[in-house]
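Asker: how would this look folded up:
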Amino acid sequence: MKGFFYFCIMLLFIGGAETVVILLFIIIFFGSKKIPELAKGIGKAMRELRDASNEIKKEIHDSTSSIKEDIDSKK
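Answerer: Residues are numbered from 1 along each chain as shown. All right, here's what the predicted structure looks like:
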């Protein structure tokens, strides 16, 4: 997990030239026909992650608001 953290930090400091080189390696490695499928899979995973995080945020908000209402009703 520690390696993944350092990888994510490293991605923040990638410039334009590095991005082009990475894209060229992706095209060479996966081929031009697989890239749309790869992008679709990544987009779907990102959407599922966003939906899950929104659901967790909603559950936390709902539980804290119900606790707040209980506290206010006891006053």
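
Asker: which elements pack onto the helix or strand where residue 65 lies?
Answerer: Using DSSP states H and E, residue 65 sits in helix 35-74. Packing partners of helix 35-74 (3 or more C-beta pairs under 8 Å, 6 or more residues apart in numbering; DSSP states H and E): helix 16-30. For the C-beta atoms, the positions are set from N, CA and C on the backbone; glycine is no exception.

Asker: can you tell me how far the most centrally placed residue in the chain is from residue 4?
Answerer: Closest to where the C-alpha atoms of the chain average out (C-alpha atoms, centre = their mean) is residue 46, at 5.3 Å. Applying C-beta to C-beta, to the nearest Å, the value for residue 46 to residue 4 is 17 Å.

Asker: how about low-confidence regions in the chain?
Answerer: Within the chain, the ranges that satisfy pLDDT under 70 run 1-2, 5, 7, 9, 11, 70, 75.

Asker: where does the record place the domain boundaries for it?
Answerer: Following the assignment in automatic domain parsing, the chain carries domains at 1-30, 31-75.

Asker: ok, back up a step: what distance do you get for the residue nearest to the centre of the chain to residue 52?
Answerer: Taking C-beta to C-beta, one finds residue 46 at 11 Å from residue 52.

Asker: swap in residue 58?
Answerer: 11 Å.

Asker: tell me the secondary structure for residue 32?
Answerer: Classification of residue 32 using DSSP: H, G, I helix; E, B strand; the rest coil returns coil.

Asker: neighbours around it, how many?
Answerer: 8 (other C-beta atoms under 10 Å).

Asker: quick check: it vs residue 53, distance?
Answerer: Counting by C-beta to C-beta, the gap from residue 32 to residue 53 is 33 Å.
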